[in-house]
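# Give me a 3D structure for the following:
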Amino acid sequence: MSQLAKVFTRASTGLDAPVVTIEVHISGGLPGFSIVGLPEGAVKESKDRVRSALINSNFKLPRGRITVSLAPANLPKRGGRYDLPIALGVLLASGQIKPSVDVSQFEFYGELGLDGLLHTTEGLLPAIIEANNAKHNIVIPIDDFEQCALVEQAKIFPARHLLQVCEFLSGIGEPENYPISVDHQVTYTKDYSQVKGQYQAKRALEVAASGGHNILLRGTPGSGKTMLAERLPSIMPPLSCEKALQKASIYSVAGKMLDNTQMYIRAFRSPHHSSSAVSLVGGGSIPKPGEISLAHEGVLFLDELPEFPRHVLETLRQPLESGEVHVSRAQQQVTFPANFQLIAAMNPCPCGYFGDGTSKCHCTEDQISKYHVKISGPLLDRIDMVLEVPPLPKEVMLSQKNEQIENSETIRARVLDCYNIQINRQGKLNDRLNPDEVDDLIVLNKDNRQLLESVIDKLHLSARAYHRILKVARTIADLDHAQAVERRHLIEAIGYRRHNG
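The predicted structure follows:
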């Protein structure tokens, strides 16, 4: 007499987690164990792990033909997460465990060791979020509990061993209770009070952080470009619970651990200039998030910008506009979020010392031109602000720590105030306004319109650059709590644009 059991779990497709129904059928005939439903290598090997785990947990491997179906059949299945639900399906179909709970209200995840121990499973967080939305109970390996407990409302039951799960389903015991506390307080180790001088750069970064604008820092080596950029997250508004969970999901899918103390701090990613296009935007045979997705709702810092291969930088153009990246492969198409803020830094010339007032630079005009042309016009067009960072005067370098230097907390209070103004007015940051919204939101008087006309002619600005000036000006006006964009706001915004090119 044939026997059938159904157990639920979820697959991993980018940040999506579609439901997978595992059906186990035991029938008469020659002994066999087959898995169908587009399983990849690790899933096909699951039958060997399940067989050993059942035997070493004092269960019997059913005699007859065992057929495991992973539905839907057209969805690729990969990884070891299906081991536990397959093993439970076999035990339920063979009648070796009699559940005292409704198994259809549970989802199971976990790779099995040959001794029945549950091992950590990569990329579980999106599945936990979807399972929680479906009001399902969730059984996972204990090693994944700290990460998955970030979904604070989810009913999660962590387990160490297959036997522990079977006892729980049979009503014999309860899983251990492991309280996990997520620290909603954020602590920054890098602060702008540590940066001497560079008041203009701090002001520009305050504007950039307030409106989500992209910025390029140009200056000689040692002028503080990297130090300024690294401290940008300390003045940005902390992440909301929803955005923090999305950040954690991206890290989970990428196979990277995220410290709970870093949950609500904006990401700061600084890839080396030897990075490939795939590592930057994501991809691979099994698509995974790249640096721009790991920097979602945070900062992507590209130091030594001209040293990046040009074709790698060009891949940033579309994500900078859309806030997401589409990765297409033969078997699947995946979309990853990539709403990042680009902060770039570069030297004025190949040797780095052009224009510093000394005789150190021996670069020719042709060398300097070739160095600058490595960054394409279309990419520069997407950068809202360009700032010259001068070298620090020796008097400032030698000065003792000044208690009057503003710390990041003080600047962050102003940024958060400006951020709230934008969210309450339009539901998003100024940098994400489309051209129609810019025209509706920013109405210029005759004098300001003439000023912009002369700037467009002088700097040969594109329509995108024109709108970006207006967006930066709107952010500066919001920092001033001004209802309308005034001439002084436009002049400051134009000043951040005049070096671009």
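# any idea of the mean pLDDT in stretch 188-204?
Rounded to a whole number, the mean pLDDT of stretch 188-204 is 90.
# swap that for stretch 165-176, sorry
84.
# now stretch 279-287
88.
# By neighbour count, which bits of it are buried? Give me those.
Using 16 or more other Cβ atoms under 10 Å as the burial criterion, the residues of stretch 279-287 that qualify are Ser279, Leu280, Val281, Gly282, Gly283, Pro287. In short, each C-beta sits where N, CA and C put it, glycine included.
# Which pair of the residues you listed spans the longest distance?
Taking Cβ to Cβ as the measure, the buried residues of stretch 279-287 span a maximum distance of 13.8 Å, between Leu280 and Pro287.
# Okay, now the unreliable bits of the stretch 201-350 of the chain?
Within the stretch 201-350 of the chain, no stretch has pLDDT under 70.
# Strands of that one, start to end?
With DSSP state E, counting those that start in this stretch as the criterion, the stretch 201-350 of the chain has strands at 215-219, 268-269, 282-283, 288-289, 299-302, 324-328, 333-337, 341-346.
# which stretch among these comes nearest Pro158?
strand 288-289 (25.6 Å).
# What is the closest one packed up against?
helix 241-253 (3 or more Cβ pairs under 8 Å, 6 or more residues apart in numbering; DSSP states H and E).
# For whatever helix or strand Val90 lives in, name the packing helices and strands.
Using DSSP states H and E, Val90 maps to helix 83-93. The contact analysis (3+ Cβ pairs under 8 Å, 6+ apart) places helix 83-93 against strand 3-10, strand 19-27, helix 46-56, strand 65-71, strand 106-108, strand 111-112, helix 162-169.
# Save these as JSON lines, and put in distance to Tyr82 too.
Putting the helices and strands packed on helix 83-93 into JSON lines (distance: least, Cβ to Cβ, whole Å) gives the following:
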{"stretch": "strand 3-10", "distance to Tyr82": "6"}
{"stretch": "strand 19-27", "distance to Tyr82": "7"}
{"stretch": "helix 46-56", "distance to Tyr82": "6"}
{"stretch": "strand 65-71", "distance to Tyr82": "7"}
{"stretch": "strand 106-108", "distance to Tyr82": "9"}
{"stretch": "strand 111-112", "distance to Tyr82": "9"}
{"stretch": "helix 162-169", "distance to Tyr82": "14"}
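# From Asp417, how far out is Leu169?
Going from Leu169 to Asp417 by Cβ to Cβ, to the nearest Å gives 52 Å.
# So if I had to pick from the two, which one is more boxed in?
Leu169 (21 against 14; other Cβ atoms under 10 Å).
# Now stretch 385-404: buried residues?
Met385, Val386, Leu387, Glu388, Val389, Pro390, Pro391, Leu392.
# Ser24: how many residues sit nearby?
Careful, residue 24 is Val; it's not Ser. 25.
# which non-adjacent residue is nearest it?
Nearest residue to Val24, sequence neighbours excluded (Cβ to Cβ, 6 or more residues apart in numbering): Gly89, at 3.4 Å.
# Please report how far that neighbour lies from Glu23.
7 Å.
# who touches both of those two?
Ala5, Lys6, Val68 (Cβ atoms under 8 Å, 6 or more residues apart in numbering).
# Neighbour count: Gly89 and Glu23, which is higher?
More crowded of Gly89 and Glu23, by other Cβ under 10 Å: Gly89, with 27 against 17.
# which ones are touching the more buried one?
Ala5, Lys6, Val7, Ile22, Glu23, Val24, Val68.
# any chance of those in a markdown table, plus distance to Gly37 and pLDDT?
A markdown table is the format used below for those (distance: Cβ to Cβ, whole Å; pLDDT from 0 to 100):
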| residue | distance to Gly37 | pLDDT |
| --- | --- | --- |
| Ala5 | 15 | 95 |
| Lys6 | 13 | 96 |
| Val7 | 13 | 97 |
| Ile22 | 9 | 97 |
| Glu23 | 9 | 97 |
| Val24 | 12 | 96 |
| Val68 | 8 | 97 |
